[in-house]
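A.B. asks: Any chance you can model this:
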Amino acid sequence: MTNTLLLWIIILLDIVRSSHQTIYSCNVNASCGCSTSSTIVTRIVGGEEANIASWGWVVSIAINNTYLCSGSILSSSWVITAAHCVEDFNASQITIYAGSNFSWYGSQTQIVSYVTIHPEYNSTTHTNDIALLLLSSPLIMTNYDVSAICLKFINSKVLANLEWPPPDTTVVTVGWGRLYENGLLPTNLQQVT
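C.D. replies: Okay, the predicted model is just below:
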């Protein structure tokens, strides 16, 4: 009886989830930000598993094969991440996994050869919490599951006059972060709007 009830609850949740979803797609010939799969995003607090190959620019960053943080591919040789993720490690200890929804695997794996942390990063307040990772070898950007992230150019003048992003803008966040406070880390890539 309990298994039957559980099955009906799962089916009901799946129906509710699929009725409130948005499909994001982009031109796969674009120079950045696109992967071969359309992305389905629902408005669920806490996130949900991302479709395979839907976020080709996200990488898993690991130390000794253990997930540490997420990063974004800027180019075939550079990844951007949070400084607090890498400040305590030598570059050679850091591995990135690209082209996968798993935190522990990638269709491409690279060792980091150089780390540069924002010169005004403050580890107490986490201001300027940004770092760049130079990969030991370039990623193959022609693979279907790897792409560079698109970053809009925003200067200080624009930021001084506008809220950024503008109100009513849909923003999607992806990564392998905790789904709830003190929870376990997921092994599959998560997304949330």
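
A.B. asks: What strands flank the host helix or strand of residue 61, and is each parallel or antiparallel?
C.D. replies: Residue 61 belongs to strand 58-63 when assigned by DSSP states H and E. Paired with strand 58-63 in the same sheet, following DSSP bridges, are strand 66-73 (antiparallel), strand 94-98 (antiparallel).

A.B. asks: quick one: the last one to chain centroid distance?
C.D. replies: By that I understand strand 94-98. 13 Å (Cα atoms, centre = their mean, to the nearest Å).

A.B. asks: contacting residues for residue 109?
C.D. replies: Neighbouring residues of residue 109 by Cβ atoms under 8 Å, 6 or more residues apart in numbering: 95-98. Where you see a C-beta, it was placed from the backbone N, CA and C, and this is true even at glycine.

A.B. asks: ok, 6 Å please
C.D. replies: The contact partners of residue 109, by Cβ atoms under 6 Å, 6 or more residues apart in numbering, come to residue 97.

A.B. asks: Does it belong to a helix, a strand or coil?
C.D. replies: At residue 109 the chain is in strand, as set by DSSP: H, G, I helix; E, B strand; the rest coil.

A.B. asks: returning to that earlier point: flag whichever of the strands paired with strand 58-63 has the least confidence on average.
C.D. replies: Lowest mean pLDDT within those: strand 66-73, at a mean of 93.

A.B. asks: Give the next helix or strand downstream of that one.
C.D. replies: Downstream of strand 66-73 (by DSSP H and E), the next one is strand 78-81.

A.B. asks: Give me the average confidence score over that next one.
C.D. replies: 97.

A.B. asks: Quick one: residues in contact with whichever helix or strand comes after that strand.
C.D. replies: Later in the chain than strand 78-81, the nearest helix or strand by DSSP H and E is helix 83-86. By Cβ under 6 Å, 6+ apart, the residues outside helix 83-86 that reach it are 68-69, 115, 117, 121, 129-131.
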